[in-house]
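Enquirer: show me the folded form of this:
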Amino acid sequence: MRPVPPGPVRRTGRGGAGAGSRSRVVGCTLLLIALGAGVTGCSSDGDPLSAEPYDAADQISFSGSVEAGKPADPDKPLEIVAEDSDGRITDVVAVDASGRHVAGELAADGSRWHSTSPLAASARYTVRVSTEDEDGAPGRKVLTFTTGKPAPAKRLAVTFGPEAGTYGVGQPLTAELNTPVRDRAQRAVVERALTVDSTPAVSGTWHWVDDKKLHYRPKDYWPAHATVRVRSNLEGVKVGDRLRGGPSKPLTIRTGDRVIALTDAATHRLTVYKNGEEIKQIPVTTGKPGFETRNGVKVVLAKEPFVRMRSTTVGIAEGSAESYDLDVHYATRVTWSGEYVHAAPWSVDSQGYANVSHGCVGMNTENAKWFFDTVRQGDIVEVVNSDGDSMEPFGNGYGDWNLDWPKWRAGSALIADGTPSRAEQARLRPQTV
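Expert: Reported below is the predicted structural model:
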């Protein structure tokens, strides 16, 4: 590519002064295809490579029987074609009035660009097309158009969780859909529109738990004292036939200190770490044979000052040798099925020496109160060296962290076989996502 002169290109007549050095400025003919679309305005835009880039779109037209001023069909893709074989498209930026970008792919030879994400309905778009002619001179054109109203369709609403507040570093984000989405391509549309920003920035991704629920987590725990924002850009976007995104309320949560409680069922000790430093060791008892405590990483779900625990709620018959009916204080819940860290004054003699509980982690009342006051929802409680089963990833609390990173990423509709596309590699870099 030849260097571009710093000032405006001089064009001189044949036989006049400078005729031997005449510069050629070749326009690149572009065809903008947005079925049902009309141009509502166009203007040139400057380029840092030239003080006066040529107008690359003198002959922009629309395909078929499209009339100028007609809104584009939001269900149709946007396509731009360079019809002049001596020129090529170098870049296309399409964005709506709210700043949402339209994803697209540019052919390797610069001959064609097409959108890969759907257009929103009833939206105004600005398209900036950059070109280069056979001599390397840059050109640019700016076009605006609007999209029409969508056909009647069901609205896909997203509800984010948890509620706004401050949580531990293990708290996943959740997204609940009001209607199931089963098709992988439709899931990808939904997932691209769910945006997560973290300060400090971390890398993470969504995981489809089922057809109506997604969880989001980073590779490692959230940073301490982070601010995490999640929002949906689905409104007006086509997800599938007769299914479009509806409005959703954004969510902001914050994280507190990095608090991790590690329970070793073999040594009967629970060790609490705060921001990487050990702050307390507590003698405990865990599940006895036949009622072993689950191994793995759990997340604090709730703190309940008082719970009546009855064996019949976990399938133990009333009146049997293992039955119980107890008033329990300072109960920190870690599974929906009834596993807690709590005060167990009846087993003090075994705490630190033997496992005698029915699956909970028990400690004396003073230590249970300290633990209850120290941890918050979203903090980590991990159990090791138990003979029990492993914590389930989903369905019994937040076992999300028990999936390694490749398995977690494989639950994303945007990542095939665990390997992200180039576009997703860019999206998954430390965020702003």
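Enquirer: end to end, how far does stretch 292-300 reach?
Expert: End-to-end distance for stretch 292-300: 19 Å, by C-alpha to C-alpha, to the nearest Å.
Enquirer: how about that stretch: buried residues?
Expert: Residues 292-300 are the ones in stretch 292-300 that count as buried (16 or more other C-beta atoms under 10 Å). All C-beta spots, glycine's among them, are computed from the backbone N, C-alpha and C.
Enquirer: what mean pLDDT does it have?
Expert: Stretch 292-300 shows a mean pLDDT of 97.
Enquirer: check the offset of it from the chain's centre.
Expert: Computed by C-alpha atoms, centre = their mean, to the nearest Å, the chain-centroid distance of stretch 292-300 equals 26 Å.
Enquirer: could you do stretch 395-409 as well?
Expert: Taking C-alpha atoms, centre = their mean, one finds stretch 395-409 lying 15 Å from the centre of the chain it belongs to.
Enquirer: report all helices and strands that the helix or strand containing residue 342 contacts.
Expert: In this assignment (DSSP states H and E), residue 342 forms part of strand 340-343. Using 3 or more C-beta pairs under 8 Å, 6 or more residues apart in numbering; DSSP states H and E, the elements in contact with strand 340-343 are strand 302-310, strand 325-333, strand 361-363, helix 365-374.
Enquirer: in JSON lines: the ones you listed, plus mean neighbour count and distance to residue 110.
Expert: Below are the helices and strands packed on strand 340-343 laid out as JSON lines (neighbours: other C-beta atoms under 10 Å; distance: least, C-beta to C-beta, whole Å):
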{"stretch": "strand 302-310", "mean neighbour count": "13", "distance to residue 110": "57"}
{"stretch": "strand 325-333", "mean neighbour count": "17", "distance to residue 110": "58"}
{"stretch": "strand 361-363", "mean neighbour count": "27", "distance to residue 110": "63"}
{"stretch": "helix 365-374", "mean neighbour count": "17", "distance to residue 110": "60"}
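Enquirer: any chance of those in TSV, plus distance to residue 147?
Expert: Below are the helices and strands packed on strand 340-343 laid out as TSV (distance: least, C-beta to C-beta, whole Å):
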stretch	distance to residue 147
strand 302-310	45
strand 325-333	48
strand 361-363	56
helix 365-374	53
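Enquirer: for the stretch 1-150 of the chain, give me the ranges with low pLDDT.
Expert: Filtered on pLDDT under 70, the stretch 1-150 of the chain yields the residue ranges 1-69, 84-85, 150.
Enquirer: so which residues of it form strands?
Expert: Taking DSSP state E, counting those that start in this stretch as the test, the strands found in the stretch 1-150 of the chain are 30-33, 41-43, 54-55, 79-82, 88-96, 104-106, 112-115, 124-132, 138-146.
Enquirer: those strands: which one's closest to residue 281?
Expert: Distance to residue 281, taken as C-beta to C-beta, is lowest for strand 88-96 among the strands of the stretch 1-150 of the chain, at 55.6 Å.
Enquirer: the closest one to strand 138-146, inter-axis angle?
Expert: Angle, strand 88-96 to strand 138-146, by axes from the mean of the first three to the mean of the last three C-alpha atoms, to 10 degrees: 30 degrees.
Enquirer: what distance separates strand 88-96 from the centre of its chain?
Expert: 25 Å.
Enquirer: cool, and stretch 103-112?
Expert: Stretch 103-112 sits 26 Å away from the centroid of its parent chain (C-alpha atoms, centre = their mean).
Enquirer: end-to-end on it?
Expert: By C-alpha to C-alpha, the extent of stretch 103-112 from end to end equals 14 Å.
Enquirer: list the buried ones in that stretch?
Expert: By neighbour count on 16+ other C-beta under 10 Å, the buried set for stretch 103-112 is 104, 106, 110-112.
Enquirer: quick one: which of the residues you listed is nearest to residue 232?
Expert: For the buried residues of stretch 103-112, the closest approach to residue 232 (C-beta to C-beta) belongs to residue 104, at 21.1 Å.
Enquirer: now residue 189, what's its secondary structure?
Expert: Under the three-state scheme (DSSP: H, G, I helix; E, B strand; the rest coil), residue 189 adopts helix.
Enquirer: ok, it to residue 412 distance?
Expert: Going from residue 189 to residue 412 by C-beta to C-beta, to the nearest Å gives 13 Å.
Enquirer: one step back: closest one of the buried residues of stretch 292-300 to residue 215?
Expert: After measuring the buried residues of stretch 292-300 against residue 215 - C-beta to C-beta - the closest member comes out as residue 299, at 11.1 Å.
Enquirer: which strand residues bridge the closest one?
Expert: Residues in a beta bridge with residue 299, per DSSP bridges, are residue 380.
Enquirer: now residue 304
Expert: Going by DSSP bridges, residue 304 forms beta bridges with residue 331.
Enquirer: just to check, it is in contact with residue 333?
Expert: Yes - counting by C-beta atoms under 8 Å, residue 304 touches residue 333, with 6.2 Å between them.
Enquirer: now do the shared contacts for these two.
Expert: The contact sets of residue 304 and residue 333 overlap at residue 340 (C-beta atoms under 8 Å, 6 or more residues apart in numbering).
Enquirer: so what's the nearest residue to residue 400 once chain neighbours are set aside up against?
Expert: Take residue 400 and drop its neighbours on the chain: the residue closest to it by C-beta to C-beta, 6 or more residues apart in numbering is residue 172, 5.0 Å away. By C-beta under 8 Å, 6+ apart, the residues touching residue 172 are 215-217, 299, 398, 400.
Enquirer: and residue 358, by the same measure?
Expert: Residue 358 makes contacts with 287-288, 291, 311, 314, 316, 322, 324, as judged by C-beta under 8 Å, 6+ apart.
Enquirer: just residue 348 next, same as before
Expert: Counting by C-beta under 8 Å, 6+ apart, residue 348 touches residue 364.
Enquirer: any idea whether the residue nearest to residue 356 when sequence neighbours are not counted is helix, strand or coil?
Expert: Of all residues beyond its chain neighbours, the one nearest residue 356 is residue 350 (4.6 Å), with distances taken as C-beta to C-beta, 6+ apart. For residue 350, the assignment made with three-state DSSP gives coil.
Enquirer: what's around residue 350, how many residues?
Expert: 18 (other C-beta atoms under 10 Å).
Enquirer: how much space between it and residue 357?
Expert: Going from residue 350 to residue 357 by C-beta to C-beta gives 9 Å.
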